[in-house]
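Participant: Just need the structure, nothing else, for what follows:
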Amino acid sequence: MKIKYLIPFILIMIYGCASNNGERRISRPRNIISQEEIQEMATALNAYDIVSFGRPGWLRTRDKTPVVYLNGVQLGGLDQLSNISSTSIRELRLLSPSEAAVLYGTGAGMGGVIDIKIR
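Facilitator: Here you go, the predicted model:
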């Protein structure tokens, strides 16, 4: 009787501990979209497409929307993302309001900042 229950238990344990052949999902930072990741998005035409494909959560905010900065210069709201070509972007970074205040001064982005670096 005990062997009848032991064999399925052992099979479940072996299957649960089995390897997945080394295939691991690449872990990417939640607040950065790198140039390599941008290159993987062949259909993205502008910064808005990159953000909406890569990190759509950046566009969904609770109370305040992020401000867009390009190489340290404030551009405006999220609508400015569609004016920046994807081919010129080196990196996109989402800054929290406190990080934005340190880099760009108080009031720089009460909803955070999407900081874009171009080539």
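
Participant: List the contacts of the lengthiest helix in the chain.
Facilitator: Counting residues, the longest helix found in the chain (DSSP state H) is helix 2-16. In this structure, no residues lie in contact with helix 2-16 by C-beta atoms under 8 Å, 6 or more residues apart in numbering. Heads up, the C-betas are built off the backbone N, CA and C, glycines and all.

Participant: Use 55 as the first number for this chain going forward.
Facilitator: Let's use 55 as the start, then, which means that last one is helix 56-70.

Participant: need the next SSE after it, C-terminal direction.
Facilitator: Moving toward the C-terminus from helix 56-70, the next helix or strand (DSSP states H and E) is strand 86-87.

Participant: before we move on, the earlier item: I'd like the mean pLDDT over the longest helix of the chain, please.
Facilitator: For helix 56-70, the mean per-residue pLDDT is 72.

Participant: Just the CA atoms of it, as CSV, please.
Facilitator: C-alpha atoms of helix 56-70 as CSV (Å, rounded to 0.1, in the frame of the first residue of the first chain):
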residue,chain,number,x,y,z
LYS,A,56,2.7,2.4,0.9
ILE,A,57,4.7,1.8,-2.3
LYS,A,58,1.5,2.7,-4.2
TYR,A,59,1.7,6.2,-2.8
LEU,A,60,5.5,6.5,-2.7
ILE,A,61,6.1,6.0,-6.4
PRO,A,62,3.9,8.9,-7.6
PHE,A,63,5.5,11.1,-4.9
ILE,A,64,9.0,10.2,-6.1
LEU,A,65,8.0,10.9,-9.7
ILE,A,66,6.6,14.3,-8.8
MET,A,67,9.7,15.2,-6.8
ILE,A,68,12.0,14.2,-9.7
TYR,A,69,9.9,16.1,-12.2
GLY,A,70,9.8,19.2,-10.0
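
Participant: Helices of the protein, start to end?
Facilitator: Counting by DSSP H, the helices of the chain are 56-70, 89-94, 101-108, 151-158.
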